[in-house]
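Asks: Everything below, folded, please.
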Amino acid sequence: MSEKRSLLPKKARTVIRLIAVVFVNLGIVFSAVYILFHLLEYYNPHSFIRANLPWLPIAIPILFVLSVLLYDVLRIDGAFKKQHFNKSRMLLIVLCDLILFAAISLTLYLKTCTTSLVDLNTIEEYALPTPAVSYEPTLDPSVPTNIEAQQPESTPAPTAAPVIPLSEKFPEKFSETPTEESFGKDHVVDTLPDGTEKALLYTYSGKNAAVDIYHYQNGKLEYQVADIYVRDADCFKTNYSLSYHRNVITQIYAEQIHAIVAANGDNFNSGKIEDGIVIRNGAQLYPKDGSKQTKFTRDLCVLYSDGSMRVYDCVLDTIDYDEILSNYPRQAFYFGPKLLNDDGTAKTKFNSNLGKINPRTVLGYFEPGHYALLVVLGTRDIVDYRGKNHGNGKSPGMTLIELSALCEQLDFAMAYNLDGGGSSSMVWNKTVFGHNDRTHSDILAVVDP
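Replies: The predicted structure is shown next:
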């Protein structure tokens, strides 16, 4: 039986084989570089590589698949002894290679280098209406104005309690001359029933904002709470980047606006914006151009100009876009989930698949003018802001159920989960708690203008 003739000339086979060898070697080199970043634990590969070498994770498998494809072409053509294939087997091999190539490329593109469904570089901030703030006490509009005429003379007319503006609440917390003081973790002010030690680390009292930073530790578990009072809703600022490629770390965002304390936000430009509302400092970023939003697949948190905060359950609540805008929102975060029931009790079921143990960041609310930022260290916090590796000695983090129970224990009236994991971080008085190596889109900060 005569041997099947090769369809490719010898030079073509040599070139194909050379390209395949180059692809294999490049794949090995790129894999080594990627693994090296992990072993060094200095750069976070999910932030440094994506920001500077976004093509690297995609290039590695593509190079290996292309080399396999080229070697299959040589096998099919008969370049290797005893490896002739009939036509049907040849087509099957090529088809499998192409399907594998397309599947890997598409999967890695979507998971690693997805750009936002909204082109954040083209977004223009859509300024929302500014409320005409009145500091006069107001009556409940549900009470009829002629109620006195309807009641017997012996019955006093019911009136609503006067609304105290933020500027007049908590006067003992503020100071005309800003003062601050730092302490250490040994400055324990309380020991909780479960053995958790509560230490006061830092206090700030200014004209419009006051902050106390507390550190909690129980064994390896560590978390910090910023207890926040403000006289004006504008003291809660966000600093953010519209472009994913211009993201920076929490510390840099905080320094840019001279924040007293700051924590990471909801990472809104991460490429996962499909619905919801994003508002920053009174400007609507999404939907862009002030378009009306009717679809919500995540819980929504809104801070209003009167200092109130509302956390909306995307399943149980009717989220009315027009109603939200009519109440003059200053900030709207779209990450979640909602951590507490409306009565302040802990939840056990959440509109989220992020329930596993993790570092956490939470925005807490007591009442208008009184808020909290909570950051829980987790096992992903292996490198601090000085590059020191803490390894497994770090805090284990919390599940959503544990986090919800903690928010109830801290007496939050409402609590909203922000981006966690490698983004979870708090910065105060040039001190970083949590991650400081992952770039993200935004922070929520307290300033004293």
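
Asks: need the contact list for Lys185.
Replies: By C-beta atoms under 8 Å, 6 or more residues apart in numbering, the contact list for Lys185 reads Ala199, Leu201, His215, Gln217. C-betas here are computed from N, CA, C, even on glycine.

Asks: go on, Tyr371?
Replies: Residues in contact with Tyr371, defined by C-beta under 8 Å, 6+ apart, are Ile228, Val230, Phe236, Met309, Leu363, Gly364, Tyr365.

Asks: and these, which of them are in strands?
Replies: Here DSSP state E is the test, and the contacts of Tyr371 give Ile228, Val230, Phe236, Met309, Leu363, Gly364, Tyr365 as lying in strands.

Asks: Just name the closest of those residues to Glu125, please.
Replies: Comparing these against Glu125 with C-beta to C-beta places Phe236 closest, at 17.2 Å.

Asks: List the contacts of that closest one.
Replies: When contacts are counted by C-beta under 8 Å, 6+ apart, Phe236 touches Val230, Leu303, Arg330, Gln331, Tyr371, Leu444, Ala445, Val446.

Asks: Dump these into JSON lines; add pLDDT and secondary structure as well.
Replies: Converted to JSON lines, those look like this (pLDDT from 0 to 100; DSSP: H, G, I helix; E, B strand; the rest coil):
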{"residue": "Val230", "pLDDT": "97", "secondary structure": "strand"}
{"residue": "Leu303", "pLDDT": "97", "secondary structure": "strand"}
{"residue": "Arg330", "pLDDT": "95", "secondary structure": "strand"}
{"residue": "Gln331", "pLDDT": "96", "secondary structure": "strand"}
{"residue": "Tyr371", "pLDDT": "98", "secondary structure": "strand"}
{"residue": "Leu444", "pLDDT": "96", "secondary structure": "strand"}
{"residue": "Ala445", "pLDDT": "97", "secondary structure": "strand"}
{"residue": "Val446", "pLDDT": "97", "secondary structure": "strand"}
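
Asks: can those go into a markdown table with extra columns for distance to Asn208?
Replies: Shown next, in a markdown table, are the contacts of Phe236 (distance: C-beta to C-beta, whole Å):
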| residue | distance to Asn208 |
| --- | --- |
| Val230 | 6 |
| Leu303 | 16 |
| Arg330 | 15 |
| Gln331 | 17 |
| Tyr371 | 14 |
| Leu444 | 17 |
| Ala445 | 13 |
| Val446 | 10 |
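
Asks: Quickly name whichever of those residues is closest to Met414.
Replies: Among the contacts of Phe236, Tyr371 lies closest to Met414 (C-beta to C-beta), at 9.6 Å.

Asks: And the strands in the stretch 301-449 of the chain?
Replies: Secondary structure of the stretch 301-449 of the chain, counting by DSSP state E, counting those that start in this stretch: strands at 309-312, 329-333, 360-367, 370-376, 414-418, 425-428, 431-434, 442-446.

Asks: TSV please, covering these and showing distance to Ala59.
Replies: Below are the strands of the stretch 301-449 of the chain laid out as TSV (distance: least, C-beta to C-beta, whole Å):
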stretch	distance to Ala59
strand 309-312	42
strand 329-333	35
strand 360-367	33
strand 370-376	35
strand 414-418	33
strand 425-428	30
strand 431-434	32
strand 442-446	30
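
Asks: Mean pLDDT lowest where, among these?
Replies: Of all the strands of the stretch 301-449 of the chain, mean pLDDT reaches its minimum on strand 431-434 (a mean of 90).

Asks: which other helices and strands contact the helix ranked longest in the chain?
Replies: Assignment by DSSP state H gives helix 10-40 as the longest helix of the chain. On a contact count with 3 or more C-beta pairs under 8 Å, 6 or more residues apart in numbering; DSSP states H and E, helix 10-40 meets helix 45-52, helix 56-77.

Asks: so how many other residues sit close to Val315?
Replies: Counted with other C-beta atoms under 10 Å, the neighbours of Val315 add up to 12.

Asks: do the same with Lys10
Replies: Neighbour tally, Lys10, other C-beta under 10 Å: 9.

Asks: got a pLDDT number for it?
Replies: 78.

Asks: Now for it: which residues touch it?
Replies: Lys10 touches nothing, counting by C-beta under 8 Å, 6+ apart.

Asks: State the distance from it to Leu74.
Replies: 12 Å (C-beta to C-beta, to the nearest Å).

Asks: cool, Cys301 as well?
Replies: Taking C-beta to C-beta, one finds Cys301 at 58 Å from Leu74.

Asks: Asp419 too?
Replies: Distance from Asp419 to Leu74, counting by C-beta to C-beta: 48 Å.

Asks: sorry, back to before: so of the contacts of Lys185, which two are at opposite extremes in space?
Replies: Top of the distance list for the contacts of Lys185 (C-beta to C-beta): Leu201 and Gln217, 11.5 Å.

Asks: where does the stretch 251-400 of the chain have low pLDDT?
Replies: Scanning the stretch 251-400 of the chain for pLDDT under 70 picks out 380-393.

Asks: returning to that earlier point: nearest to Val211, of the strands of the stretch 301-449 of the chain?
Replies: Per C-beta to C-beta, nearest to Val211 of the strands of the stretch 301-449 of the chain: strand 442-446, 6.0 Å.

Asks: The closest one pairs with which strands, parallel or anti?
Replies: Strand 442-446 pairs in its sheet with strand 236-240 (antiparallel), strand 261-264 (antiparallel), by DSSP bridges.

Asks: Go through the ones you listed and pick out the most buried.
Replies: Among these, strand 261-264 has the highest mean neighbour count (mean count of other C-beta atoms under 10 Å), at a mean of 28.

Asks: Let me see the residues that make contact with it.
Replies: For strand 261-264, the external contacting residues (C-beta under 8 Å, 6+ apart) are 204, 211, 213, 226, 228, 239, 250, 253-254, 361, 363, 373, 375, 418-419, 423-428, 440, 442-446.

Asks: one step back: which one of Asp419 and Leu74 has more residues nearby?
Replies: A direct count of neighbours by other C-beta under 10 Å for Asp419 and Leu74 places Asp419 higher, at 25 against 19.

Asks: measure the more buried one to Phe183 for me?
Replies: According to C-beta to C-beta, Asp419 stands 29 Å off from Phe183.

Asks: With His370 instead?
Replies: Per C-beta to C-beta, His370 is found 22 Å from Phe183.

Asks: Any idea how many residues pack against Ala405?
Replies: Each residue near Ala405 was counted by other C-beta under 10 Å, and the total is 18.

Asks: Repeat that for His245.
Replies: Using other C-beta under 10 Å, the number of residues around His245 comes to 14.

Asks: I'd guess it is in a helix, am I close?
Replies: Yes. Counting by DSSP: H, G, I helix; E, B strand; the rest coil, His245 falls inside a helix.

Asks: For Ser205, grab phi and psi.
Replies: phi -130, psi 120 (degrees, to the nearest 10).

Asks: That one bridge partners, please.
Replies: Judged by DSSP bridges, the bridge partners of Ser205 are Thr179, Ala210.

Asks: That one contacts Phe174, correct?
Replies: Yes. With contact defined as C-beta atoms under 8 Å, Ser205 reaches Phe174; the gap is 6.2 Å.
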